[in-house]
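S.K.: Dropping a prediction and its sequence here:
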Amino acid sequence: MYATVEQWQADCPWEIVTDEVTGVSVPKPPEWETLALPGVPLAVRQPLRPDGFAANVTVNVEEALAPHDSLAAYSEAVLGNMMVTLTDLRVIAIDDYELWGLPGRRILSAHRNGPYSLALEQYWFVGPDGVATAFSGTCDIADHLTHSQTFAYMVSGLRPAARVPHD
């Protein structure tokens, strides 16, 4: 068992990708690539399948502003946004999740995006300073059993953001 995320990351066999602006970092599977997406501190994906889809992870960082500055209120706001933006959303599980002493939530859901039926595994944490870190792992629903292990390993080595990005 590791006392800190830094100790965990030092022993991790995968590359650790870090966003220098926010301080957030996550382990990246060896065969996955790092992407540069506007407004997204970290994004990685597996190689594209022949149909153009790839399992992927994004890590977003934002300030959890009042009235959404507690974990419960932030969770309610995120779920509300998901209900509006994701087609045919089905929430499968909502669990409390603690990461390095920071309370958070894990949500497993399914939705459609064009021709794809997708599983979305999200974890989010709101630090005492109001910085929210959201990890989102998306894969084809048929591949979720395989990718859920990858997502869980990546989250176990997630270092939450220390600060919000600058505009």
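M.R.: Perfect, thanks for sending it. Numbering: from 1, shown residues only.

S.K.: Contacts only, for C12.
M.R.: 27, 157 (Cβ atoms under 8 Å, 6 or more residues apart in numbering). Where you see a C-beta, it was placed from the backbone N, CA and C, and this is true even at glycine.

S.K.: how much space between it and V5?
M.R.: For C12, the distance to V5 equals 10 Å [Cβ to Cβ, to the nearest Å].

S.K.: shared neighbours, these two?
M.R.: Joint contacts of C12 and V5 (Cβ under 8 Å, 6+ apart) are G157.

S.K.: quick one: low-confidence parts of this structure?
M.R.: Along the chain, the model assigns pLDDT under 70 to residues 167.

S.K.: ok so D143 is a helix residue?
M.R.: Yes - residue state for D143 (DSSP: H, G, I helix; E, B strand; the rest coil) corresponds to a helix.

S.K.: Identify the residue nearest it in space, chain neighbours excluded?
M.R.: A55 (6.6 Å; Cβ to Cβ, 6 or more residues apart in numbering).

S.K.: Kindly confirm whether my reading is correct that the one you found touches I141.
M.R.: No - if you go by Cβ atoms under 8 Å, A55 and I141 don't touch, sitting 11.0 Å apart.

S.K.: next SSE after the host helix or strand of V78?
M.R.: In this assignment (DSSP states H and E), V78 forms part of helix 71-85. Downstream of helix 71-85, the first helix or strand assigned by DSSP H and E is strand 87-99.

S.K.: Report the backbone C-alpha coordinates of that next one in CSV.
M.R.: Presented in CSV, the C-alpha positions along strand 87-99 are these (Å, rounded to 0.1, in the frame of the first residue of the first chain):
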residue,chain,number,x,y,z
THR,A,87,-28.4,10.6,-25.7
ASP,A,88,-30.3,7.7,-24.1
LEU,A,89,-28.4,8.0,-20.8
ARG,A,90,-28.8,5.1,-18.4
VAL,A,91,-27.1,5.5,-15.0
ILE,A,92,-26.0,2.0,-13.9
ALA,A,93,-24.2,2.7,-10.6
ILE,A,94,-23.3,5.7,-8.4
ASP,A,95,-20.7,5.0,-5.6
ASP,A,96,-18.7,7.0,-3.2
TYR,A,97,-15.0,6.7,-4.0
GLU,A,98,-12.0,7.9,-2.0
LEU,A,99,-8.7,8.8,-3.7
